[in-house]
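In: Have a look at this prediction, sequence included:
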Amino acid sequence: MEDGKINGFLIDLDGVLYTGDTPVQGARETLAFLTDNGYPFRCLSNSTRKCRATIAARLDKMGFEIPERSIFTPPLAAVRFIKDSGKSRAFLLVTGDVGRDFAGACADDGSVTMDYVIVGDAGDRVTYATLNHAFRCLMEGAHLIALEKDRYWMDRDGLALSAGPVVAALEMAADTTATVVGKPSKEFFGLALQDLGMQKEEVVMIGDDIYTDVDGAQAAGIRGVLVRTGKFRPDVCEKSAIHPAAIIDSVRDIGTLLPITRS
């Protein structure tokens, strides 16, 4: 582990704290350890279909005691981005209940004179009409925000298109470039640090994806630690040119990275 005092953590959810609906052994105890010893943390998810309250409720069912305020997602990053800009008019191209995270932060009067077009994994909401409305907003000067740019994901019935292809289509049509506020963008990690109230030098990111979690964090100046749970694959790690600050078997070994208590 690189030198430098650790005062807080950014922790990936899926693959680090749980896999499927099963908590990783020792994960709940690890979060209790961090809380008891005064280490602030944010649990990070790249989900763009579920609001923070829904994610917190799912974690609660798995036995995690994680307050909503300790969960940080791309929609919340977008909300902070919008608030920092002082603007509030936005067209949301999303699905699920994620719109709840934007309540009170942005408004949509149905016109094409928006400040932002915000695109997440929108599922069946992606139609010619919604795409064309988003396009018209962009042509009238709106800025494009991508909650993520994944190409596809594994749904229950097979591979499914994610937000990336939709964002790419709008970028090409409107001749613009989206600001990505989800992992692995620097914006996401920077906004997560801002939410945590800490500097990059004093925080460690714990993740199971050497690219999205570790490389994304380290590009933002945050030390990235890889766990051997979730999507971790030894061959991917060996072939990669990315060098984690440390590799641990699981999040339960987080104590090996720091003193038992803060000094």
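Out: Here it is on my side, so go on. Model, not experiment: these values are computed from the prediction. Residues are numbered from 1 along each chain as shown.

In: got a list of what residue 61 touches?
Out: residue 21 (C-beta atoms under 8 Å, 6 or more residues apart in numbering). Using the backbone N, CA and C atoms, a C-beta is placed for each residue, glycine as well.

In: Number the chain from 34, please
Out: Let's use 34 as the start, then, which means that last one is residue 94.

In: How much space separates it from residue 87?
Out: Residue 94 sits 11 Å away from residue 87, going by C-beta to C-beta, to the nearest Å.

In: Over to residue 153?
Out: Distance from residue 153 to residue 87, by C-beta to C-beta: 14 Å.

In: Could you do residue 163 as well?
Out: 22 Å.

In: ok, which stretches of the chain are strands?
Out: 41-45, 51-52, 55-56, 74-77, 104-105, 123-126, 149-152, 176-179, 185-188, 191-194, 212-213, 236-240, 256-260, 279-281 (DSSP state E).

In: got the contact list for the third one?
Out: Residues from elsewhere that reach strand 55-56 (C-beta under 8 Å, 6+ apart): 50, 95-97.

In: Could you rerun that using 7 Å?
Out: 50, 95-96 (C-beta atoms under 7 Å, 6 or more residues apart in numbering).

In: now the fifth one
Out: Applying C-beta under 7 Å, 6+ apart, the contact partners of strand 104-105 are 75-78, 85, 88-89, 225, 228.

In: can you do 8 Å?
Out: 43, 75-78, 85, 88-89, 92, 224-225, 228.

In: Would you point out the most distant pair within those?
Out: Spanning the widest gap among the contacts of strand 104-105 are 92 and 224, at 20.9 Å by C-beta to C-beta.

In: Which one's more surrounded, these two?
Out: residue 92 (24 against 21; other C-beta atoms under 10 Å).

In: The more buried one against residue 99, yeah?
Out: Yes: assessed by C-beta atoms under 8 Å, residue 92 is found in contact with residue 99 at 5.1 Å.

In: I appreciate the help and will end here.
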